[in-house]
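Colleague: got a predicted model here, sequence first, then my questions.
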Amino acid sequence: MIISLGYITVPVDHDATVSRMLTGLAAQTRTEPGCVAYFVSRDLETPGRFLITENWASLEQMQTHLGLPHIGPAVEALQEMGVTELSITAYEAGDPMTMM
């Protein structure tokens, strides 16, 4: 199982546009094979910053997602809006444990 954290920061004047874009991207991603969970959140302390939390059944399925035709144009759109942070860090996880 793969868990990843992604960060996107854009100038505040593009916040609403990026929010709409990420909402659509999240809905589409949740239908992809191997996507266990995909959530987009706002950083409450930093305007224009978003957190993407992903859970994939395998690294291969996450890599397939990143190579799909709609991902490249989304990254290009972020770059055109002056994205200042765009990162994804993936972690290989063991068996899940219920903590609460």
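Modeller: Sure thing, it's come through. Computed from a predicted model, the values in this text were never measured in an experiment.
Colleague: now the helices: where do they sit in the protein?
Modeller: Counting by DSSP state H, one finds helices in the chain at the ranges 15-29, 59-66, 71-80.
Colleague: same for the last one, what does it pack against?
Modeller: To tie it back to what came earlier, the one meant is helix 71-80. If you count contacts as 3 or more C-beta pairs under 8 Å, 6 or more residues apart in numbering; DSSP states H and E, helix 71-80 packs onto helix 15-29. C-beta coordinates here come from the backbone N, C-alpha and C atoms, glycine included.
Colleague: switch the cut-off to 6 Å
Modeller: Contacts defined by 3 or more C-beta pairs under 6 Å, 6 or more residues apart in numbering; DSSP states H and E place helix 71-80 against no helix or strand at all.
Colleague: and it with helix 15-29, angle?
Modeller: Taking axes from the mean of the first three to the mean of the last three C-alpha atoms, to 10 degrees, one finds helix 71-80 and helix 15-29 inclined to each other by 170 degrees.
Colleague: before we move on, back to that, go through the helices of the chain and name the closest to Val36.
Modeller: Closest approach to Val36 among the helices of the chain is made by helix 59-66 (9.4 Å; C-beta to C-beta).
Colleague: now for Met100, how many residues are close by?
Modeller: By the criterion of other C-beta atoms under 10 Å, Met100 has 2 neighbours.
Colleague: re the thing from before, out of the helices of the chain, which comes closest to Ile52?
Modeller: Smallest distance to Ile52 across these (C-beta to C-beta): 7.3 Å, for helix 15-29.
Colleague: avg pLDDT for the closest one?
Modeller: When pLDDT is averaged over helix 15-29, the result is 96.
Colleague: that helix: which residues count as buried?
Modeller: 15, 18, 21-22, 25, 29 (16 or more other C-beta atoms under 10 Å).
Colleague: can I get the helices of the chain in JSON lines with distance to Glu45?
Modeller: As requested, those are exported to JSON lines (distance: least, C-beta to C-beta, whole Å):
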{"stretch": "helix 15-29", "distance to Glu45": "14"}
{"stretch": "helix 59-66", "distance to Glu45": "28"}
{"stretch": "helix 71-80", "distance to Glu45": "21"}
